[in-house]
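Undergrad: Build me a model from this:
(2 chains)
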Protein chains: 2
Amino acid sequence: MAEEVSNKQVLFRDFVTGFPKESDMVLSTGTIRLKVPEGSKAILVKNLYLSCDPYMRIRMAMTDFAIDFPPFIPGSPIIGLGVAKVLKSGHPDFKEDDLIWGKTGWEEFTIISEPKTLLKIKYTDVPLSYYTSILGMPGLTAYAGFYEVCTPKKGEYVFLSAASGAVGQLVGQFTKLMGCYVVGSAGSSEKVDLLKSKFGFDNAFNYKEEPDLNVALKRYFPEGIDIYFENVGGSMLDAVLLNMRHHGRIAVCGMISQYNLEKPEGVHNLLYLITKRIRMKGFEVVDHYPSYPQFLEVTRQYIKEGKIVYVEDTVEGLESAPAALIGLFTGRNVGKQPSHYYHKQTFKKRGCYYCKARIIESRQ
Amino acid sequence: MAEEVSNKQVLFRDFVTGFPKESDMVLSTGTIRLKVPEGSKAILVKNLYLSCDPYMRIRMAMTDFAIDFPPFIPGSPIIGLGVAKVLKSGHPDFKEDDLIWGKTGWEEFTIISEPKTLLKIKYTDVPLSYYTSILGMPGLTAYAGFYEVCTPKKGEYVFLSAASGAVGQLVGQFTKLMGCYVVGSAGSSEKVDLLKSKFGFDNAFNYKEEPDLNVALKRYFPEGIDIYFENVGGSMLDAVLLNMRHHGRIAVCGMISQYNLEKPEGVHNLLYLITKRIRMKGFEVVDHYPSYPQFLEVTRQYIKEGKIVYVEDTVEGLESAPAALIGLFTGRNVGKQPSHYYHKQTFKKRGCYYCKARIIESRQ
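TA: Purely as a prediction, here's the structure:
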């Protein structure tokens, strides 16, 4: 008979309209048997790091907005990306003690019935939390979004919004490695300082202190913008359209300013798509998973050579998770801060194999 | 001493805000000497057909909106595309009696000081007016916009707005020749009939009779839209975004519903660019002029084989030009109707070499 243990969970309470609140999530403790269903190809994992990402807001609404983002199920755990360790496996591709990253539940233990979308973690010479950030979905988003969607050329002028977030900070550094000029916007002076001092942006500004975003962009891009990496939408996009150069490219990664509005803001300057021959392309990182091995090699090498740095913002424990997710939308977090707690068997540092899951916040 | 003749002109009165009126243009008669300035590379042309195109509205405003569309100069003739005959040439590439199409003035005679952007007309086995329409700028716009910007595949679902216009009617026929399913919207039942009966669209609807464009599109595209050829903007674009399929493409050719608004309508559904991975690309036909020879061969062949038909809407005489241009924005015209008047030396039909210029309307 398999051992039965308690399983702390963050349950989704009910569908959200407007701004999400911590109380839209409920902490609960159930029990779970540490085994996989007889004859199934499921795996049982212990969750180590869980990720807060902006797209999760979409899943909190009762909407058929996107097939990739079906609504969460009220009363069931929040679903998100995480790093986990395989405890039991009914699947030939996974065995006990494998480390994986991919879609899992906001709980201590999760039975993943279709593990084929999970990625195995080969390299443990980096913090495991990196697989929720720089070496995980946000990292691949930055890599694919910049190199594959923006088709950048050396010397081009690049603007990023939400630049200090999980994706933005990495796009900015890829941009510099490519030999481009890059300016980022963020929502606090602390983030602006980080962009300039830590991530090597050519410049950065706090959009909340700019009464006119068009004027701000003209200040930083007197020659105009070749590439805009879009994370926020709304009035920023309108201001960017005014400042794009001919044949500019906009990679639409996210529109975080719009996710909590009942009706998204109108964007008025789309006529410039024509006169400036702009290509605007929305993308989802899942389409770019075939690039993951290449991305992983390139980015690990950059990390080893010290050419890329990364900041994580970590909170400890499932009970802190709802506040961490809500914080994404208030701009409280700064990048992703490395956790001080690692799986002891992997890193022989603090923390216990069976301790609480870690929550990593990302903000695009 | 060169002969001095009278030169009827349509002058631009002053910058326009809101809806343009006929009185924004003024009919005037000056004189001109039939020669080019001594030592210059200018050419003197007799204008035969002049074209009314939606983009001209942009040039009626005092705006730096687009470098390709600088404002008209108050007191000077309206500038547009046309078919003309060379009377005098100081340029080595042009000689007397050459037929050309390109940028000229709304007047009987024009001195074109930089003729290098003009194209010489090689084939006169089609109505000359075709070089303002199916074999001119609107034709190349349809060809490049569809084949080069939309990257269509056989069997895809295609939607066109302003489908009976100069560009739309041709895009629709290219679409059918490619083996796609095509539905067009237009603003009158007469136009809708034309799309279905003459241009071979699979279906068409009158957008003015649809209380909910989203519902209308769902009716014609239960499987969704792969390609949208955008000519109107505003609420139609919002409805289309709701109905696009994954990896759909939007070629932004024009946004005629927006040109007369002081502030363009807001577009609210851009979030779907991300979830549906949509590529939205604005384009200007001038970037596609290198494709003109190929387009000309392909399209002439289609015309010869009867695989493409074309409808022009022509009015006679410069004095009718202001009303024709305004008519573009009220939806009065239907496609482009073949003129009954041709240059007598070319077609030996009615009309006189020195008679009034013909105005061809196009509506995107």
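Undergrad: okay, CA-based contacts and neighbour counts for the rest of this
TA: Will do.
Undergrad: Start and end of stretch A:61-81, how far apart?
TA: Between the opening and closing residues of stretch A:61-81 lies a distance of 18 Å (Cα to Cα, to the nearest Å).
Undergrad: near chain B, anything from that stretch?
TA: Yes: counting by Cα under 8 Å from any Cα of the partner chain, chain B has neighbours in stretch A:61-81: A:Phe65, A:Ala66, A:Ile67, A:Asp68.
Undergrad: need the residues of chain A near chain B, please.
TA: Contact residues, chain A versus chain B (Cα under 8 Å from any Cα): A:65-68, A:252-255, A:263-269, A:271-284.
Undergrad: Of the residues you listed, grab the buried ones for PyMOL.
TA: Selection command for PyMOL covering only the buried members of the residues of chain A next to chain B, criterion 16 or more other Cα atoms under 10 Å in any protein chain shown:
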select buried, chain A and resi 65+66+252+253+254+255+264+265+266+267+268+269+271+272+273+274+275+276+277+278+279+280+281+282+283+284
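Undergrad: Quickly find the element holding A:Leu273.
TA: helix A:271-275 (DSSP states H and E).
Undergrad: what's the model's confidence in whichever helix or strand comes after that helix, averaged?
TA: Note on helix A:271-275: by DSSP H and E, the next helix or strand toward the C-terminus is strand A:279-282. For strand A:279-282, mean pLDDT is 98.
Undergrad: Please apply the same query to stretch A:170-180.
TA: For stretch A:170-180, the per-residue pLDDT averages 97.
Undergrad: tell me which residues in it are buried?
TA: Buried residues in stretch A:170-180, counted by 16+ other Cα under 10 Å: A:Leu170, A:Val171, A:Gly172, A:Gln173, A:Phe174, A:Thr175, A:Lys176, A:Cys180.
Undergrad: Kindly report the same for stretch A:37-57.
TA: Neighbour counts over stretch A:37-57 (16+ other Cα under 10 Å) mark A:41-57 as buried.
Undergrad: per-residue pLDDT, A:Tyr340?
TA: Quick fix: residue A:340 reads His, not Tyr. In this model, A:His340 is scored at 27, pLDDT.
Undergrad: Also the one 10 residues further on?
TA: The predicted structure scores A:Arg350 at 26 on the pLDDT scale.
Undergrad: do A:Ser133 as well
TA: 92.
Undergrad: likewise the one 10 residues further on?
TA: Note for A:Tyr143: predicted pLDDT of 98.
Undergrad: now do the one 10 residues further on
TA: Turning to A:Lys153, the model gives it a pLDDT of 98.
Undergrad: That one: what's it in contact with?
TA: Contacts for A:Lys153 (Cα atoms under 8 Å, 6 or more residues apart in numbering or on different chains) come out as A:Met178, A:Cys180.
Undergrad: For A:Leu119, see how far away it is.
TA: Distance of A:Lys153 to A:Leu119, computed by Cα to Cα: 31 Å.
Undergrad: related to what we said a few turns ago, give me the subset of the buried residues of stretch A:37-57 that lies in strands.
TA: Assignment to strands by DSSP state E places the following of the buried residues of stretch A:37-57 there: A:Ile43, A:Leu44, A:Val45, A:Lys46, A:Asn47, A:Leu48, A:Tyr49, A:Leu50, A:Ser51, A:Cys52.
Undergrad: Am I right that the last one is in contact with A:Gly80?
TA: Yes: with contact defined as Cα atoms under 8 Å, A:Cys52 and A:Gly80 form a contacting pair (7.3 Å).
Undergrad: Now A:Ala162: which helix or strand?
TA: Counting by DSSP H and E, no helix or strand carries A:Ala162.
Undergrad: quick one: it and A:Ser188 touch, right?
TA: No: A:Ala162 is beyond contact range of A:Ser188, at 10.5 Å (criterion: Cα under 8 Å).
Undergrad: what's near enough to touch the nearest residue to A:Lys46 once chain neighbours are set aside?
TA: Excluding its sequence neighbours, the residue lying closest to A:Lys46 (Cα to Cα, 6 or more residues apart in numbering or on different chains) is A:Phe109, at 4.6 Å. Taking Cα under 8 Å, 6+ apart, we find A:Phe109 in contact with A:Asn7, A:Ile32, A:Leu44, A:Val45, A:Lys46, A:Asn47.
Undergrad: do the same with A:Phe283
TA: A:Gly145, A:Val149, A:Ala251, A:Val252, A:Cys253, B:Leu273, B:Ile274, B:Thr275, B:Lys276, B:Arg277, B:Ile278.
Undergrad: Now distance to A:Glu209 too, for those, in CSV please.
TA: Shown next, in CSV, are those (distance: Cα to Cα, whole Å):
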residue, distance to A:Glu209
A:Gly145, 28
A:Val149, 30
A:Ala251, 25
A:Val252, 24
A:Cys253, 24
B:Leu273, 29
B:Ile274, 28
B:Thr275, 31
B:Lys276, 33
B:Arg277, 32
B:Ile278, 33
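Undergrad: From those, pick the one nearest B:Trp101.
TA: Nearest to B:Trp101, judged by Cα to Cα, of the contacts of A:Phe283 is B:Ile278 at 36.0 Å.
Undergrad: which stretch of helix or strand covers the closest residue to A:Ile256 other than its chain neighbours?
TA: Nearest residue to A:Ile256 in three dimensions, chain neighbours excluded: A:Val232, at 4.6 Å (Cα to Cα, 6+ apart). Assigned by DSSP H and E, A:Val232 belongs to no helix or strand.
Undergrad: Report the separation between A:Val232 and B:Leu170.
TA: Going from A:Val232 to B:Leu170 by Cα to Cα gives 38 Å.
Undergrad: swap in A:Gly306?
TA: For A:Gly306, the distance to B:Leu170 equals 56 Å [Cα to Cα].
Undergrad: One more: A:Pro71?
TA: For A:Pro71, the distance to B:Leu170 equals 42 Å [Cα to Cα].
Undergrad: now swap in A:Gly179 and tell me
TA: Remark: distance between A:Gly179 and B:Leu170 (Cα to Cα) = 43 Å.
Undergrad: Repeat that for A:Val171.
TA: Taken as Cα to Cα, the span from A:Val171 to B:Leu170 is 42 Å.
Undergrad: A:Leu11 too?
TA: Between A:Leu11 and B:Leu170 the computed distance is 55 Å (Cα to Cα).
Undergrad: Kindly report the same for A:Ala163.
TA: Counting by Cα to Cα - A:Ala163 and B:Leu170 are separated by 44 Å.
Undergrad: ok, now A:Tyr292?
TA: Counting by Cα to Cα, the gap from A:Tyr292 to B:Leu170 is 42 Å.
Undergrad: Mind telling me which residue of the stretch 1-150 of chain A is nearest chain B?
TA: A:Ala66 (5.6 Å; Cα to the nearest Cα).
Undergrad: still on that earlier bit, while we're on the residue nearest to A:Ile256, how confident is the model there?
TA: pLDDT, read off for A:Val232, is 93.
Undergrad: Verify the contact between it and A:Tyr259 for me.
TA: No: if you go by Cα under 8 Å, A:Val232 and A:Tyr259 don't touch, sitting 9.3 Å apart.
Undergrad: where in chain A is pLDDT low?
TA: Along chain A, the model assigns pLDDT under 70 to residues A:331-364.
Undergrad: Grab the longest helix from it for me.
TA: Looking across chain A with DSSP state H, the single longest helix is helix A:292-304.
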